[in-house]
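K.L.:
Have a look at this fold, sequence not included:
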């Protein structure tokens with residue numbers, strides 16, 4: 001699959017899909033508290049997405065069984081909603097995708113459940129900061145590696161592990177399109193793709209409180225830190241413009 005450059009009209013359609021994702025994240029965020037199950041979060045997001053005339057991107061994707069991903073504490077990404085009851089002190093990373101008019105939106109947030117330890121709060125804050133450090137380089141003339149380097153540099157300056165097995169990605173009529181957008185720099189890859197106006201990207205730092213190493217659990221989906229320390233995830237879909245990147249999935253306040 002080649003990298004697709006979108007027209008202004010297509011980007012507006014992606015903005016509409018991104019708005020659905022943002023609203024679903026807000027609906028989930030309002031529900032997050034001790035005593036709520038991750039299945040309840042999934043049901044709320046699914047209902048919101050469908051109420052807007054969209055469909056969940058994740059449901060059935062490579063046989064994924066739910067409409068969103070809910071990754072608790074040491075789970076990095078792809079956690080399957082179910083009977084788990086959120087507890088005071090947990091964090092839960094929620095990843096949501098929606099398709100509207102044939103176009104995709106994709107974003108993730110990490111939510112606090114009740115009173116969260118200061119060091120874990122700081123992890124979540126820095127993970128969000130990594131995203132905004134990265135998109136300073138999401139402009140024409142820069143390369144993918146410029147985004148990657150900024151994310152890695154900011155995370156490592158705080159002593160955190162940067163996940164290497166999973167990356168951000170292009171997005172459009174397909175949820176995953178070229179190019180891949182790592183959160184680290186591999187010298188073997190050079191500077192990567194040069195960015196041009198109209199590229200649409202899902203940039204998503206996945207940052208660990210401990211080491212970077214992860215593994216996939218027996219469910220075949222949930223990716224977890226090997227040292228069992230918490231991980232945070234922050235993602236938005238963006239469009240490259242002549243100036244600052246256009247954020248297509250922003251929720252209120254974040």
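P.N.:
That came through fine. What you are looking at is a predicted structure, and each value in this text was computed from that prediction instead of being measured.
K.L.:
For the closest residue to residue 205 other than its chain neighbours, grab the count of nearby residues.
P.N.:
Nearest non-adjacent residue to residue 205, counting by Cβ to Cβ, 6 or more residues apart in numbering: residue 130, 3.9 Å away. C-betas here are computed from N, CA, C, even on glycine. Each residue near residue 130 was counted by other Cβ atoms under 10 Å, and the total is 29.
K.L.:
Name the SS class of residue 130, please.
P.N.:
helix (DSSP: H, G, I helix; E, B strand; the rest coil).
K.L.:
Next up, the contacts around it.
P.N.:
Residue 130 makes contacts with 150-151, 154-155, 183, 205, 207, 234, as judged by Cβ atoms under 8 Å, 6 or more residues apart in numbering.
K.L.:
out of the residues you listed, who's nearest residue 89?
P.N.:
Using Cβ to Cβ, residue 207 is the member of those that sits closest to residue 89, with 18.9 Å.
K.L.:
Pretty sure the closest one sits against residue 230.
P.N.:
No: in this structure, residue 207 is not within contact of residue 230 by Cβ atoms under 8 Å, at 9.7 Å.
K.L.:
Name all residues that sit in contact with those two at the same time.
P.N.:
Applying Cβ under 8 Å, 6+ apart, one finds that residue 207 and residue 230 are jointly contacted by residue 123.
K.L.:
Against residue 112, how distant is residue 34?
P.N.:
Between residue 34 and residue 112 the computed distance is 11 Å (Cβ to Cβ, to the nearest Å).
K.L.:
Neighbour count for the two, which is higher?
P.N.:
For the pair residue 34 and residue 112, the greater number of neighbours falls to residue 112 (18 against 13), based on other Cβ under 10 Å.
K.L.:
what are the phi and psi values for the more buried one?
P.N.:
Main-chain dihedrals, residue 112, degrees, to the nearest 10: phi -80, psi 140.
K.L.:
what sits opposite it in the beta ladder?
P.N.:
Counting by DSSP bridges, residue 112 is bridged to residue 91.
K.L.:
Spit out the contact partners of it.
P.N.:
Going by Cβ under 8 Å, 6+ apart, residue 112 touches 32, 91, 121, 124.
K.L.:
Filter those down to the buried ones and hand me the PyMOL line.
P.N.:
Buried residues within those, by 16 or more other Cβ atoms under 10 Å, are selected in PyMOL with:
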select buried, resi 32+91+124
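K.L.:
Can you say which two of the contacts of residue 112 are spatially most distant?
P.N.:
Longest span within the contacts of residue 112, Cβ to Cβ: 32 and 121, 14.4 Å.
K.L.:
For residue 51, see how far away the residue lying closest to residue 40 once chain neighbours are set aside is.
P.N.:
If the residues on either side of it in the chain are set aside, residue 40 comes closest to residue 31, at 6.5 Å by Cβ to Cβ, 6+ apart. For residue 31, the distance to residue 51 (Cβ to Cβ) stands at 15 Å.
K.L.:
Contacts made by the host helix or strand of residue 237 with the rest, please.
P.N.:
Under the criterion of DSSP states H and E, residue 237 resides in strand 236-239. Strand 236-239 is contacted by residues 6, 11, 14, 18, 21, 104-107, 131, 135, 138, 171, 198-203, 245-250 when judged by Cβ under 8 Å, 6+ apart.
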